[in-house]
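>>> Make a model of this:
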Amino acid sequence: MNGPLPVVPVSILTGFLGAGKTTLLNRLLKDPELADTAVIINEFGDVSIDHLLVEASSDGVIELADGCLCCTVRGELVDTLADLMDRMQTGRINPLKRVVIETTGLADPAPVLQSVLGNPVIAQNFRLDGVVTVVDAVNGLQTIASHVEAMKQVAVADRLVISKTGLASNDQLEALSEVLKDLNPRAPIIDGASEEAGRADLFACGLYDPATKVADVGRWLQDESGEGHDHQDHHHHHHHDVNRHGSDIRSFSIVHDRPIEPMALEMFIDLLRSAHGDKLLRMKAIVAVADRPERPVVLHGVQTVFHAPERLAAWPDPTDRRTRMVLITKGLGEAFVRDLFDAFTGKPRVDRADAQALTDNPLAVPGMKF
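Numbers count the residues shown, from 1 in each chain. Have a look, this model is predicted:
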């Protein structure tokens, strides 16, 4: 095979037990745009794809009628991705255009995201594109209130699909939409019965477009907070606090107008994840770094695991070169993150020398080089 294979975008499909992930997946697999896709599922018994099967092999990989592959997680998810990578490199399967990972209904999504983000070999060949979470219109409110996993699945999603809308009352749908918007104000909410929910571009969340190999940062961050801000203040903070629904999950953004020194950015990330990584559900950012401000750095992290920082060739929007960070946390206050960021970016609310005192853990993690 000539030359390296292109990096393959990975989409995570999650949702609580009975939410309708399988129904949505079956519908999506009928879209011709999802040809050359591998679908990783936990157990074949959970997925009704018999009508799509063409061939099953003893090693856990099945070929679907449209040419897609379906495989179970054999051991760790990393092993399954590595096996797919080996099959592509040795020519046993055609190059993949996308991988879709369907989680179990009880899964905390963080370990799945970490498997894609944190393994350096996997990260060379696969890139996390986005998370699609399915929520049951009838039982979603109770599920979110009763199970922290369901709450996390909603909070980290790039897109939210409400299933079984035809079985719910208008009052139920309005109440559920309100909770979803509070838990995750940036994720578009899509009716599972709509045409939009059945198209392959449901998975194209914006971080990585294999056709252009660039990041659609506006779509990825879904950050509505940057409009109409005051340019006299060099950075800005916006947040959504959902404690009124009995949750300590917060979603907030930081917008910064000036390039950041590489060392300052490195120390901010290292201190944040070493001190409170378990509370950092997700972080997405595009950053103007002072050494090469014309080529922004994309950051993506889940808890203590971060994808290797990547330099884009140019700003997606050349008229907007501000640093934008979106953080989703659980039990981690916005004030802590804001003060830590300010300590390293030139408008301190705390002294730089005292930045280490902001952490609960004095042990630093290996540095991220920008």
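
>>> quick one: the helices in the protein?
In the chain, the helices defined using DSSP state H lie at 21-28, 77-89, 109-118, 120-125, 140-146, 148-155, 170-183, 217-221, 262-276, 334-345.

>>> on contacts alone, who are the packing partners of the fifth one?
This means helix 140-146. For helix 140-146, the packing partners by 3 or more CB pairs under 8 Å, 6 or more residues apart in numbering; DSSP states H and E come out as strand 126-136, helix 148-155, helix 170-183. In this view, the C-beta of every residue, glycine as well, is placed from N, C-alpha and C.

>>> Would you tell me which one of those is buried the most?
Of those, the one with the most neighbours on average (mean count of other CB atoms under 10 Å) is strand 126-136, at a mean of 26.

>>> which neighbours does that one have in its sheet, and in what orientation?
Applying DSSP bridges to the sheet, strand 126-136 is found paired with strand 8-15 (parallel), strand 159-163 (parallel).

>>> out of these, nearest to Pro120?
Among these, strand 8-15 comes nearest to Pro120, with 15.2 Å by CB to CB.

>>> how about the CA coordinates for the closest one, as CSV?
Extracted in CSV, the C-alpha atoms of strand 8-15 (Å, rounded to 0.1, in the frame of the first residue of the first chain):
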residue,chain,number,x,y,z
VAL,A,8,-10.1,8.0,10.3
PRO,A,9,-12.7,10.0,12.3
VAL,A,10,-14.3,8.2,15.2
SER,A,11,-17.9,8.9,16.3
ILE,A,12,-19.3,7.8,19.7
LEU,A,13,-23.0,6.8,19.9
THR,A,14,-24.2,6.6,23.4
GLY,A,15,-27.4,6.8,25.5
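
>>> sorry, back to before: would you mind finding the most buried of the helices of the chain?
Sort the helices of the chain by mean neighbour count, taking mean count of other CB under 10 Å, and helix 148-155 sits at the top with a mean of 24.

>>> average pLDDT across that helix?
For helix 148-155, mean pLDDT rounds to 90.

>>> where are the low-confidence patches of the stretch 1-150 of the chain?
The stretch 1-150 of the chain contains residues with pLDDT under 70 at 1-3, 42-75.

>>> can you rerun that using 50?
The stretch 1-150 of the chain contains residues with pLDDT under 50 at 1, 43-67, 74.

>>> so how far is Leu128 from Arg282?
Using CB to CB, to the nearest Å, Arg282 is found at 10 Å from Leu128.

>>> which residues are common contacts for those two?
Leu113 (CB atoms under 8 Å, 6 or more residues apart in numbering).

>>> need the helices of the chain in TSV with distance to Leu34, can you?
Formatted as TSV, those follow (distance: least, CB to CB, whole Å):
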stretch	distance to Leu34
helix 21-28	6
helix 77-89	16
helix 109-118	19
helix 120-125	19
helix 140-146	26
helix 148-155	22
helix 170-183	26
helix 217-221	19
helix 262-276	34
helix 334-345	37
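
>>> Thr133: which of these is closest?
With CB to CB as the yardstick, what comes closest out of these is helix 148-155 (4.8 Å).

>>> Please compute how far that closest one lies from its chain's middle.
The chain centroid and the centroid of helix 148-155 are separated by 13 Å, computed with CA atoms, centre = their mean, to the nearest Å.

>>> what packs against it?
Right, helix 148-155 is packed against helix 109-118, strand 126-136, helix 140-146, helix 170-183, strand 249-256, strand 280-287, strand 323-330 by 3+ CB pairs under 8 Å, 6+ apart.

>>> how does it look with 7 Å?
Applying 3 or more CB pairs under 7 Å, 6 or more residues apart in numbering; DSSP states H and E, one finds that helix 148-155 makes contact with strand 126-136, helix 140-146, helix 170-183.

>>> got the angle for the longest one vs strand 126-136?
When axes from the mean of the first three to the mean of the last three CA atoms, to 10 degrees is applied, the directions of helix 170-183 and strand 126-136 differ by 150 degrees.

>>> returning to what we had before: output the helices and strands packed on helix 140-146 in a markdown table; the columns should cover distance to Glu261.
A markdown table is the format used below for the helices and strands packed on helix 140-146 (distance: least, CB to CB, whole Å):
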| stretch | distance to Glu261 |
| --- | --- |
| strand 126-136 | 27 |
| helix 148-155 | 31 |
| helix 170-183 | 34 |
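
>>> sorry, back to before: ok, which of the helices of the chain comes nearest Phe252?
Smallest distance to Phe252 across the helices of the chain (CB to CB): 4.8 Å, for helix 334-345.

>>> ok so, going back, nearest to Arg322 among the helices of the chain would be which one?
Judged by CB to CB, the one of the helices of the chain that comes nearest to Arg322 is helix 217-221, at 10.7 Å.

>>> still on that earlier bit, out of the helices and strands packed on helix 140-146, the one nearest Thr104 is which?
When the helices and strands packed on helix 140-146 are compared by CB to CB, helix 148-155 sits nearest Thr104, at 9.6 Å.

>>> Relative to Met88, how far out is the closest residue to Leu34 other than its chain neighbours?
Take Leu34 and drop its neighbours on the chain: the residue closest to it by CB to CB, 6 or more residues apart in numbering is Ala200, 4.7 Å away. Distance, Ala200 to Met88, by CB to CB: 20 Å.
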